[in-house]
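Peer 1: what's the 3D shape of this:
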Amino acid sequence: MFRQVYDPVAHSLGWSSLVAALPLLLLFVLLGGLKVKAWLASLAALALALVLAVAVWGMPWQQAGLAATEGGFFGIFPIVWILVNAIWIYHMTVESGHSEVLRRSFTRVSDDQRVQAILIAFCFGALIEALAGFGTPVLLSAAMLVAIGIRPLLAATVSLVANTAPVAFGAIAVPITTLEAVTGIPAHDLGSMVGRQTPVLAAFVPFALLAIVDGRRGLREAWPVGLVAGVGFGAAQFVASNYIAVQLTDIIAALFSAACVVALVQL
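Peer 2: Next up, the predicted model:
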């Protein structure tokens, strides 16, 4: 049975990590620098990853091929299936007129797109991340942001950045429970440690969203909303992960953050 060695390059974890990152670096260079088509860049990165796995880490080529195949099926079925359904839901809301209902509903809370972006991408997105995961929050949040009038590319960027705060706990803390199975460390201990780190990140994410949506003016005019959303989310993450249940962390944090934002806007 193949047992992975973590430092095959000069017996150095640092050098081994750099070599392991080469497929990702190649992907980014091909996509961003050379403007190669995504499927070609992905195949090139996959080929390099297979070569490194066999030549550097000593992984049997049969197992390397099976791992690549499993990753391909995992990408096609859960992720692409979610994408197809998200696009379908978006078109359905547009054709049925519910996009206007959605727009009016958020306008009742605030007609400021910066506030709406935080509520949808940060708060609602975190709730969907906690319940479904697997890219669902980014896709649904982006579709909702487009429905309220934000440009598609900007909506996708906002949704991706917003998802950095809750994604560590994933869908019902699957990343934490999976790490428990791999390491043998209790999920509560892992969740508690993660819950002491992610709140720091969560406090800054809403400010990044304000900057993306409206630049410096957004930061200057709407910083109280960003502060309340970020601090509220982070505080709830810390309390839930350390004292309640790691599986409920993002659910509690998302609902509490949304309640804080709505309360601030109303006051």
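Peer 1: use CA for all of it now, contacts and neighbours both
Peer 2: Noted.
Peer 1: Correct me if wrong: residue 219 contacts residue 211.
Peer 2: Yes - Residue 219 lies in contact with residue 211 (C-alpha atoms under 8 Å); the separation is 5.9 Å.
Peer 1: how many other residues sit next to residue 94?
Peer 2: Per other C-alpha atoms under 10 Å, the neighbour tally for residue 94 reads 13.
Peer 1: same check, this time on residue 139
Peer 2: Residues near residue 139, counting by other C-alpha under 10 Å: 24.
Peer 1: do you know how far it is from residue 126?
Peer 2: 12 Å (C-alpha to C-alpha, to the nearest Å).
Peer 1: now do residue 143
Peer 2: 15 Å.
Peer 1: So for those two, which sits in the more crowded spot?
Peer 2: In this view residue 143 and residue 126 are compared by other C-alpha under 10 Å, and residue 126 has more residues nearby, 34 against 23.
Peer 1: What does the pLDDT read for residue 202?
Peer 2: If you check residue 202, the pLDDT there is 88.
Peer 1: Tell me if I'm right that it and residue 230 touch.
Peer 2: Yes - if you go by C-alpha under 8 Å, residue 202 and residue 230 touch, sitting 5.4 Å apart.
Peer 1: Assign a three-state SS to residue 133, would you?
Peer 2: coil (DSSP: H, G, I helix; E, B strand; the rest coil).
Peer 1: Actually, residue 167.
Peer 2: On the basis of three-state DSSP, residue 167 is classed as coil.
Peer 1: so who does it touch?
Peer 2: By C-alpha atoms under 8 Å, 6 or more residues apart in numbering, the contact list for residue 167 reads 126, 129, 133.
Peer 1: do residue 119 as well
Peer 2: Counting by C-alpha under 8 Å, 6+ apart, residue 119 makes contact with 258, 261.
Peer 1: just for the chain, where's the confidence low?
Peer 2: Residue ranges of the chain with pLDDT under 70: 78-79, 82-83, 85-87, 89-90, 93, 98-103, 106.
Peer 1: check contacts around the residue nearest the centre of it.
Peer 2: With distances taken as C-alpha atoms, centre = their mean, residue 163 lies nearest the centre of the chain, 3.6 Å away. Each residue near residue 163 by C-alpha under 8 Å, 6+ apart is listed here: 121-122, 125-126, 129, 137-138.
Peer 1: what are the phi and psi values for it?
Peer 2: According to degrees, to the nearest 10, the main-chain angles of residue 163 amount to phi -80, psi -10.
Peer 1: Also residue 11?
Peer 2: Per-residue torsions, residue 11: phi 50, psi 30 (degrees, to the nearest 10).
Peer 1: ditto for residue 2
Peer 2: Dihedral angles (degrees, to the nearest 10) for residue 2: phi -70, psi 130.
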